[in-house]
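Colleague: Need a 3D model of the following:
(one chain, ligands or ions: 1)
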Amino acid sequence: MNTYEGHTPGPWKRGGFLGRAVFAAEKWVATCWEENAALVADAPMLLAQRDALVKGVKAMLQLEERRTYELKPCPCSGCKSLRAILKEIEATP
Ligand SMILES: [Zn+2]
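Modeller: Model (predicted):
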């Protein structure tokens, strides 16, 4: 189980006084400062986007490594950067 498994499913919306509360449907999720509430409310969407990007980047790297099979892993700077980003994301507990 990773850090985010089991969270209340999105979408989450801001509400309450000055938009400081975050709700999932009618269920309260959190209350915080306005600026943070915007980020918290977007968390399920951002997590889904991150997961989709990771999946897409992994697929692209596999294709790239098939293309450059003699140099596996591909040594180009783009692939190196993407592998570093994936490593950082996958280190998230
Ligand atoms: Zn490459």
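Colleague: CA atoms for contacts and neighbours, from now on please.
Modeller: Will do.
Colleague: Which helix runs longest in the protein?
Modeller: Ordering each helix of the chain by length in residues (DSSP state H) puts helix 34-67 first.
Colleague: quick one: buried residues of that helix?
Modeller: Of all the residues in helix 34-67, those buried under the rule 16 or more other Cα atoms under 10 Å are 34, 37-38, 40-42, 44, 54, 57, 61-62, 64-65.
Colleague: How about stretch 76-87?
Modeller: Buried positions in stretch 76-87, judged by neighbour count with 16+ other Cα under 10 Å: Cys79, Leu82, Arg83, Leu86.
Colleague: Name the pair among those with the greatest separation in space.
Modeller: Longest distance between any two of these is 10.4 Å, between Cys79 and Leu86; criterion Cα to Cα.
Colleague: quick revisit: just the buried residues of helix 34-67 now: which is nearest Trp28?
Modeller: Compare each of the buried residues of helix 34-67 with Trp28 using Cα to Cα and the shortest gap goes to Ala41, at 11.1 Å.
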